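# Fold the following.
(2 chains)
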Number of protein chains: 2
Amino acid sequence: MVKKDTRNLLIEKGLEIFLTKGFNNTGIQEVLKEVGVPKGSFYHFFKSKDDFGLQVIEAYSERSKEHMESIFSDASVPPIERIRNFFDSALEKMRDSGFRGGCLIGNFSQEMGDLCPVFEKKLESKIRTMVSHIADCLDEAKKAGTMKNTQSSQELAEFLVDGWQGALLRMKVAKSERPLLVFLKTVFTSVLV
Amino acid sequence: MVKKDTRNLLIEKGLEIFLTKGFNNTGIQEVLKEVGVPKGSFYHFFKSKDDFGLQVIEAYSERSKEHMESIFSDASVPPIERIRNFFDSALEKMRDSGFRGGCLIGNFSQEMGDLCPVFEKKLESKIRTMVSHIADCLDEAKKAGTMKNTQSSQELAEFLVDGWQGALLRMKVAKSERPLLVFLKTVFTSVLV
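Next up, the predicted model:
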């Protein structure tokens, strides 16, 4: 196994376990055991567990970033529809996972927000990226006259991203898509109109 | 110290630490040390750490329940204003805590939703109580003709409770009241109108 593969495997397994069990509740030993690599190998790639966590966030965001860009840059789709497509694709992902796990950025924000300033800063910047894509679409929709809501696009985009995180949070105890569907229905019938 | 006091002290300290550090990240030993009681005393009151966590949720909800009832049963205040008062009082609490901690029910939902069915069920029932108070106000507002939004009160109430949890989550990384203010502004200018 080449070194690059080992790093990727550790990141993948870390992401999978962090999504279900959280960061503090996961031991490095558990990740190593699942991947089948020795401790020394881990410390070759990561300075510490925190460093590992931050790199898992980075890998997760990199993937989401490509996905978001493909949806949000599709100028053939009206801007409000692009936002809808983004949330619909996230809903599909949650269906596939049996309404478990949720969003790593949201989970870590809840878990690590008060505990680690480095996590706090990284998570905030990842949230800002999501917000900014949505705000751009809202600006476009306003210019095109397809949305009457005059509240600032930045505020509305923050409201949507936060609301989605809240719906994901309840999804985890309801183990159903209902919180996500209620979110989508309310947003597209009451807010982005 | 009488027994009842010891139990209350353990619950209080548990609540305080769980709010900042989470459930899995907190050792019983830490709570015992802070309160200054021996391990045997803990197991006199609680069967296990899970049982302790569930009783902390119960105590937290009992307090919130009284607070909610005092706000939501005040018929001298118009129903939409009662909802506003509820969120405003929660905002005040967050200001007092320096935008840390958040809501125990939301935090535990994120952390324990996928890990422990007993927590899952208890948390869902606590969320349902919040939702039901808000839905009742929305029904009243519709009857009084002070709200035009025709979406079901139950759905709107779920949307509000989830959105608030999402705003609290971002508050923890933003360390500011902005997510909460954006939530309130959007809800009271776009949703409950």
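# any weak-confidence spans in chain A?
A:1-3 (pLDDT under 70).
# Which residue ranges of it form helices?
A:3-21, A:28-35, A:39-45, A:49-72, A:79-96, A:104-112, A:117-144, A:153-174, A:178-186 (DSSP state H).
# Send over the fifth one as CSV, restricted to the C-alpha atoms.
Backbone C-alpha positions of helix A:79-96 (Å, rounded to 0.1, in the frame of the first residue of the first chain) are rendered in CSV as follows:
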residue,chain,number,x,y,z
PRO,A,79,-31.1,30.5,-9.2
ILE,A,80,-33.9,29.4,-6.7
GLU,A,81,-34.0,26.0,-8.4
ARG,A,82,-30.3,25.7,-7.9
ILE,A,83,-30.8,26.2,-4.2
ARG,A,84,-33.6,23.6,-4.3
ASN,A,85,-31.4,21.1,-6.1
PHE,A,86,-28.6,21.6,-3.5
PHE,A,87,-31.0,20.8,-0.6
ASP,A,88,-32.6,18.0,-2.6
SER,A,89,-29.3,16.3,-3.2
ALA,A,90,-28.4,16.6,0.5
LEU,A,91,-31.8,15.0,1.3
GLU,A,92,-31.0,12.1,-1.0
LYS,A,93,-27.7,11.6,0.8
MET,A,94,-29.5,11.5,4.1
ARG,A,95,-32.0,9.0,2.7
ASP,A,96,-29.1,6.8,1.7
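# residues in contact with that helix?
A:67-68, A:71-72, A:74, A:77, A:101-103, A:133-134, A:136-138, A:140-141, A:144, A:146-147, A:160, A:164, A:168, A:171, A:177, A:180-181, A:183-184, A:187-188, A:192 (CB atoms under 8 Å, 6 or more residues apart in numbering or on different chains). For every residue, glycine as well, the C-beta is placed using N, CA and C.
# Could you do the fourth one as well?
By CB under 8 Å, 6+ apart, the surrounding residues in contact with helix A:49-72 are A:10-11, A:14-15, A:18, A:23, A:28, A:31, A:42, A:46, A:82, A:85-86, A:89, A:104-105, A:108, A:112, A:116, A:118-119, A:122-123, A:126, A:129-130, A:133-134, A:136-137.
# for it, which positions count as buried?
Neighbour counts over helix A:49-72 (16 or more other CB atoms under 10 Å in any protein chain shown) mark A:49, A:52-57, A:59-61, A:64, A:68, A:71-72 as buried.
# same question, the second one
Applying a neighbour-count criterion of 16+ other CB under 10 Å, the buried positions in helix A:28-35 are A:28, A:31, A:32, A:35.
# If you compare the directions of it and helix A:3-21, what angle comes out?
Comparing the axes of helix A:28-35 and helix A:3-21 via axes from the mean of the first three to the mean of the last three CA atoms, to 10 degrees yields an angle of 120 degrees.
# and helix A:28-35, how far out from the chain's middle?
Centre-to-centre, helix A:28-35 and its host chain are 24 Å apart (CA atoms, centre = their mean, to the nearest Å).
# For residue A:86, see how far away residue A:71 is.
The gap separating residue A:71 from residue A:86 is 5 Å, by CB to CB, to the nearest Å.
# for residue A:189, same thing?
Residue A:189 sits 17 Å away from residue A:86, taking CB to CB as the criterion.
# which of the two has more neighbours?
residue A:86 (20 against 14; other CB atoms under 10 Å in any protein chain shown).
# Next one: that one from chain B, what distance?
Between residue A:86 and chain B the computed distance is 16 Å (CB to the nearest CB, to the nearest Å).
# Touching, residue A:155 and residue B:185? I think so.
Yes: counting by CB atoms under 8 Å, residue A:155 touches residue B:185, with 6.7 Å between them.
# more crowded one of those two?
Neighbours were counted for residue A:155 and for residue B:185 using other CB under 10 Å; residue A:155 has more, 19 against 15.
# Can you give me every residue that contacts the nearest residue to the more buried one once chain neighbours are set aside?
Spatially, and ignoring its direct neighbours in sequence, residue A:155 is nearest to residue B:182 (4.9 Å; CB to CB, 6 or more residues apart in numbering or on different chains). Residue B:182 sits next to A:155, A:158, A:159, A:162, B:167 when contact means CB under 8 Å, 6+ apart.
# same thing but at 6 Å, please
Contacts for residue B:182 were tallied using CB atoms under 6 Å, 6 or more residues apart in numbering or on different chains; they are A:155, A:158, A:159.
# which bits of chain A sit near chain B?
Contacts of chain A with chain B, taken as CB under 6 Å from any CB of the partner chain, map to A:20, A:22, A:24-25, A:100, A:106-107, A:109-111, A:113-114, A:120, A:123-124, A:155, A:158-159, A:162-163, A:165-167, A:169-170, A:172-173, A:179, A:182, A:186, A:190-191.
# Show me just the buried residues among the residues you listed.
A:20, A:22, A:24-25, A:106-107, A:109-111, A:113-114, A:120, A:123-124, A:155, A:158-159, A:162-163, A:165-167, A:169-170, A:172-173, A:179, A:182, A:186, A:190-191.
# For ChimeraX, write the selection for the buried entries among the contacts of helix A:79-96.
To isolate the buried ones among those in ChimeraX, judged by 16+ other CB under 10 Å, type:
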select /A:68,71,72,101,102,103,133,134,136,137,138,140,141,147,160,164,168,171,180,183,184,187,192
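# before we move on, back to that, would TSV of the buried residues of helix A:28-35 with distance to residue A:4 be doable?
Shown next, in TSV, are the buried residues of helix A:28-35 (distance: CB to CB, whole Å):
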residue	distance to residue A:4
A:28	20
A:31	17
A:32	17
A:35	14
